[in-house]
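In: fold the following and give me the result.
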Amino acid sequence: MSNLMNIADAVAAELNSAPDGTFSKNFIAVRKVIPAYELSELSELKVTVVPKAVEITAAMRIGSQHDLAVDIGIQQKISKDVDGDVESLMTLVDEISSYLAGRKLASAAWAQWVSIKNDPPYVPEHLAEKRTFTGVLTVTYRGFSGNE
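Out: This is a model prediction of the structure:
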């Protein structure tokens, strides 16, 4: 399995192994290659980890640095209380971000956390057109390979 898929699986596992009470909403994170759901499926909160990108650069003279990015999608159909629902889901996005920041992944100990990005904080078109909150965190981890 590729390192990128390993990181995506490790992020999903890390979120699922968080102690009870870590997050304000209950969910089971899943790794998918295509985060497509029917609107009817989004009545329940979905947290999906998707492989996003690999960037390989030189690391000193001994090998290469691999930056592996995954997207974490947080999606749910919202009620008539748009402001309240968006606020509570943005709180969850912040909680996930805080939980992962600086954290070693238990099942990918070789990777080092680098960054988390949440831009934009949610997709306005999904709110307007589908009454669905979609927040995306991009999390990057770094690994190294040497020239043997």
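In: got a list of what residue 11 touches?
Out: Neighbouring residues of residue 11 by Cβ atoms under 8 Å, 6 or more residues apart in numbering: 29, 31, 49, 70, 72, 100, 105, 139. Using the backbone N, CA and C atoms, a C-beta is placed for each residue, glycine as well.
In: neighbour count, pLDDT and distance to residue 78 added to those residues, as TSV?
Out: What follows is these, written out as TSV (neighbours: other Cβ atoms under 10 Å; pLDDT from 0 to 100; distance: Cβ to Cβ, whole Å):
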residue	neighbour count	pLDDT	distance to residue 78
29	21	98	20
31	18	98	25
49	25	98	22
70	23	98	25
72	26	98	19
100	19	98	24
105	20	97	31
139	26	98	24
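In: out of these, list just those in helices.
Out: Judged by DSSP state H, the contacts of residue 11 include residue 100 as members of helices.
In: going along the chain, name the helices of this structure.
Out: Using DSSP H, the helices found in the chain span residues 3-16, 82-100, 124-130.
In: could you pull out the buried residues of the longest one?
Out: This points to helix 82-100. 85, 86, 89, 90, 92, 93, 96, 97, 100 (16 or more other Cβ atoms under 10 Å).
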